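Q: need coordinates for the below:
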Amino acid sequence: MFSIIRLKAVGLLIAGMTVALTSGIAAAAPKVYVGNFKDNTVSVIDTATGKVVAIVPVAAGPHGMTITKDGRWVFVSGDNSSQVSVIDTATDRVAKAIEVGKGPHGSALTPNGSQLLVAVNGEDKVVFVDTAKRTVIGSVAVAKPHTVAISPDGKVAFVTSQQPGKFALAVVDLTKRAVVRTVALDKPPRDLEFGYNGKALYFTVAGLNSVEVLDPTSDKIVAEIPTGASPHYANLFAGTTLGMAVVQGPGELLMFDPATNKPAGSIAVGKQPHWMSVSSDGKTAYVTNEGSNDLSVVDLASQKVETIAVGNAPRKVVVQAAPAKRTGKVSITNFAFAPGAITIKAGESITWSNDDGGPHTVTFKDRSAGSDSLSPGQTFARVFDRPGTYEYFCTFHEFMTGRVVVQTALPHKT
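A: Got it, this is the predicted structure:
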C-alpha cells in the first residue's frame with residue numbers, strides 16, 4: 001500500500017550507482033533496524049523483500065540507535081533502563097548489554113568507530129564507551145543530555161541539554177573529554193545532526209516550527225528553515241542534494257535546499273513521524289511513524305512511499321550500508337589474458353580491459369554471460385555471485401584462454 005505524496009516541482013537529484021552484469025544468486029541485501037519504544041524490541045527488515053525477518057528483545061525503552069560503518073553492530077540505548085544493548089547483525093541477537101547509567105537517551109559513534117558517546121539523561125552525563133571492549137572508559141558532566149552529534153572530523157560533539165531554565169547546546173572536546181563552551185537557547189532543544197560535510201549543524205527546538213541551522217565554527221544560528229508543526233529530525237545526507245526533515249504535526253518528510261535553507265517540497269508519510277535514515281546510495285529514506293506503528297520506505301527517485309508494519313511506537317531507525325564490492329582486473333595484452341587465472345570471493349567482480357591493438361572477446365565455456373567484441377580501449381565487467389570455476393576464451397583467438405575461480409565468501413569474523 002502506497003501513501004499519498006505531495007512534492008513541489010523541484011527534482012531531488014540522487015547519486016547514481018554503477019550497474020554491473022550479474023549471474024547466479026544475489027548477495028544478501030542490507031537490513032533496517034527499527035526500535036519499538038513500547039515493545040522493548042527492535043524490528044529487523046530485509047530491504048530486498050520489505051519484510052520483518054526478526055524481532056530482537058532489547059533494553060527497556062529503546063531510544064538512541066547507532067550502527068557501525070561495516071553494518072555489523074547496532075547499539076541501542078534503553079531509556080527506561082541503564083543499559084545499551086549491542087545487536088550482532090550476523091545473528092540478529094543481543095551479544096552484550098553495557099551498563100552506562102540511568103536513562104540513556106541518544107548516542108553517536110566517532111568517525112573511526114572506536115568510541116560510542118551516550119547521553120545518560122538520568123545521571124546528567126555523557127559517557128564514552130570503548131566499542132571494542134564494550135566498557136565505559138570515561139564521562140563528562142552535561143545537565144539533562146538528550147541527543148549527541150559528532151563532527152565529521154571527530155574533534156567535537158554537540159549535545160542537547162534540556163536542563164529547565166538553562167537550555168543549551170553543550171560543545172564537548174573529544175580529546176579533552178570536557179565541555180569547552182555552550183550555546184544558550186530559550187527553549188528545550190530536541191535533536192541535532194551534523195550534515196555529512198560538517199558545514200552545518202541542524203537542530204530542532206520544542207515549540208519552534210522550524211529547523212535551526214547553526215554554523216559550528218561560530219556557534220551562530222545562520223538560518224531557520226520553516227516547517228509545519230513540531231519538526232523533530234533534520235539532516236543533509238551524502239548522496240543527495242536536498243536535505244530532509246521529519247515533521248511530526250502534518251506527518252511529512254520535508255525537503256530543503258541546503259544552499260538557500262528554503263523548503264523544496266514535502267512527502268506525506270505516516271502519523272507522528274519520529275526519525276529517519278537513508279540508504280548508503282542515497283536513493284531510499286526510511287521514516288519511523290510513532291503514531292501509526294509503521295515504517296515509511298520512501299523511494300526518492302520515483303517519489304513513492306511504501307508502508308511496513310512494525311512494533312508499537314517505533315522511534316529510532318538505522319540502516320546497513322550496502323557492502324562494497326572489490327573488483328579484480330584482467331588486462332588483454334599481447335594476445336593473452338593477464339593474469340591468466342584470477343581468484344575472487346563470491347559477490348565480487350572482475351573488469352577486463354582490452355589493452356591490445358585488435359578486437360577480442362571474453363567468452364565463457366559454460367555459455368554464461370560474456371562480452372561482445374571489445375575494441376581497443378573498451379572494457380567488460382561481470383559480478384560473480386556463485387562459487388565455482390569459470391573457464392573462458394577469445395572467440396577470435398581460441399588459443400587465448402583464462403580462468404576465474406570464485407570462492408565462497410567467508411562470514412565476517414568478530
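
Q: can I see the domain layout of this protein?
A: What automatic domain parsing lists as the domains of the chain is 21-319, 327-407.

Q: can you give the distance of the first one from its chain's centre?
A: Put plainly, it is domain 21-319. 10 Å (Cα atoms, centre = their mean, to the nearest Å).

Q: got it, and the shortest one?
A: When C-alpha coordinates are averaged (Cα atoms, centre = their mean), domain 327-407 and its chain have centres 34 Å apart.

Q: okay, how far is it across that domain, tip to tip?
A: This stretch, domain 327-407, spans 14 Å end to end (Cα to Cα, to the nearest Å).

Q: now it: average pLDDT?
A: In this model, domain 327-407 has a mean pLDDT of 93.

Q: sorry, back to before: ranking the domains of the chain by burial, who's on top?
A: With neighbours taken as mean count of other Cβ atoms under 10 Å, the domains of the chain reach their highest mean count in domain 21-319, at a mean of 19. Using the backbone N, CA and C atoms, a C-beta is placed for each residue, glycine as well.

Q: pLDDT on it, on average?
A: For domain 21-319, mean pLDDT is 95.

Q: would you map the strands across the stretch 251-400 of the chain?
A: 252-257, 262-268, 273-278, 284-289, 294-299, 304-309, 314-319, 327-333, 336-338, 341-345, 348-354, 363-364, 379-384, 388-393 (DSSP state E, counting those that start in this stretch).

Q: and the most centrally placed residue in the chain, how close does it get to V278?
A: Centroid-nearest residue in the chain, with Cα atoms, centre = their mean: V319, separated by 4.8 Å. V319 sits 7 Å away from V278, going by Cβ to Cβ, to the nearest Å.

Q: overlap in contacts of the two?
A: Residues touching both V319 and V278 (Cβ atoms under 8 Å, 6 or more residues apart in numbering) are Y286.

Q: gap between the residue nearest to the centre of the chain and P30?
A: In terms of Cβ to Cβ, V319 sits 6 Å off from P30.

Q: find residues that contact each of these two.
A: Here V319 and P30 share the contacting residues 47, 279-280, scored by Cβ under 8 Å, 6+ apart.

Q: include distance to E391 when you put these into CSV, please.
A: Putting the shared contacts of V319 and P30 into CSV (distance: Cβ to Cβ, whole Å) gives the following:
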residue, distance to E391
T47, 35
S279, 37
S280, 35
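
Q: from those residues, which is closest to V159?
A: Distance ranking of the shared contacts of V319 and P30 against V159, using Cβ to Cβ, places S280 first at 26.5 Å.

Q: out of the strands of the stretch 251-400 of the chain, which gets nearest to A132?
A: Checking the strands of the stretch 251-400 of the chain against A132 by Cβ to Cβ gives strand 314-319 as the closest, at 19.6 Å.

Q: relative to strand 294-299, how tilted is the closest one?
A: 40 degrees (axes from the mean of the first three to the mean of the last three Cα atoms, to 10 degrees).

Q: for G138, which non-adjacent residue is spatially closest?
A: Spatially, and ignoring its direct neighbours in sequence, G138 is nearest to F128 (4.3 Å; Cβ to Cβ, 6 or more residues apart in numbering).

Q: and the one you found, what are its bridge partners?
A: Judged by DSSP bridges, the bridge partners of F128 are L117, G138.

Q: now do the contacts for it.
A: Contacts of F128 by Cβ under 8 Å, 6+ apart are 115-117, 136-140, 177.

Q: need those residues in CSV (columns: distance to G243).
A: As requested, the contacts of F128 are exported to CSV (distance: Cβ to Cβ, whole Å):
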residue, distance to G243
Q115, 27
L116, 25
L117, 23
V136, 34
I137, 34
G138, 33
S139, 32
V140, 29
R177, 31
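
Q: which of those residues sits closest to V58?
A: The closest of those to V58 turns out to be L116 (Cβ to Cβ; 15.2 Å).

Q: wait, what's in contact with that closest one?
A: 66, 75, 84, 107-110, 128-129, 131.

Q: from G195, how far off is the residue lying closest to it once chain neighbours are set aside?
A: Once flanking residues are discounted, L116 sits nearest to V129: 4.2 Å by Cβ to Cβ, 6+ apart. Applying Cβ to Cβ, the value for V129 to G195 is 25 Å.

Q: what do you get for L242?
A: As for L242, its distance to G195 is 12 Å (criterion: Cβ to Cβ).

Q: which neighbours do those two share?
A: Taking Cβ under 8 Å, 6+ apart as the contact rule, L242 and G195 both touch P258.

Q: check contacts around the residue lying closest to G154 once chain neighbours are set aside.
A: Take G154 and drop its neighbours on the chain: the residue closest to it by Cβ to Cβ, 6+ apart is P111, 4.5 Å away. Neighbouring residues of P111 by Cβ under 8 Å, 6+ apart: 150, 152-154.

Q: ok, these vs A60, which is closest?
A: In terms of Cβ to Cβ, no member of those lies closer to A60 than I150, at 25.9 Å.
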